[in-house]
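*Asks:* sequence isn't available, so here's the structure alone:
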């Protein structure tokens with residue numbers, strides 16, 4: 001699998017997990033301040049974080065990148081030149097795992 005693709009996927013997952021964790025903490029705090037059960041806080045976090053990630057992490061970026069792919073690629077390329085070597089150890093093992101699974105299929 002391509003190093004760039006693996007790097008993008010690692011970064012995307014890190015951001016999504018962090019957003020979920022922070023959203024859950026904030027929602028639990030909100031539920032407690034409103035004297036609601038913790039389950040409501042988790043429900044609020046799930047709905048709000050899903051909506052935010054869908055709008056700002058999926059639909060909007062893909063729409064913008066489809067229209068302005070070349071200028072955006074030129075802007076983010078230096079960032080990925082740093083991130084690819086940074087995530088290389090994890091990318092290496094993920095690539096081996098993916099290739100192994102692909103052989104089993």
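*Replies:* On my side now, so go ahead. Not measured: the values here are computed from a predicted model.
*Asks:* my guess is residue 31 meets residue 24, correct?
*Replies:* No: with contacts counted by Cβ atoms under 8 Å, residue 31 stays clear of residue 24, the gap being 10.3 Å. Every residue, glycine included, has its C-beta placed from N, CA and C.
*Asks:* hey, what's in contact with both of those two?
*Replies:* Contact criterion Cβ atoms under 8 Å, 6 or more residues apart in numbering; residues shared by residue 31 and residue 24: residue 41.
*Asks:* spatially nearest residue to the most centrally placed residue in the chain (excluding sequence neighbours)?
*Replies:* What sits nearest the mean C-alpha location of the chain, by Cα atoms, centre = their mean, is residue 12, with 2.6 Å. Spatially, and ignoring its direct neighbours in sequence, residue 12 is nearest to residue 57 (7.6 Å; Cβ to Cβ, 6 or more residues apart in numbering).
*Asks:* and the one you found, how close does it get to residue 18?
*Replies:* 11 Å (Cβ to Cβ, to the nearest Å).
*Asks:* tell me which of those two has more neighbours.
*Replies:* residue 57 (15 against 10; other Cβ atoms under 10 Å).
*Asks:* quick one: residues contacting the more buried one.
*Replies:* 12, 15, 16, 19 are the contacts of residue 57 under Cβ under 8 Å, 6+ apart.
*Asks:* show me which of these are buried.
*Replies:* Neighbour counting by 16 or more other Cβ atoms under 10 Å classes residue 19 among the contacts of residue 57 as buried.
*Asks:* quick one: which of the contacts of residue 57 sit in helices?
*Replies:* When the contacts of residue 57 are checked against helices (DSSP state H), the matches are 12, 15, 16, 19.
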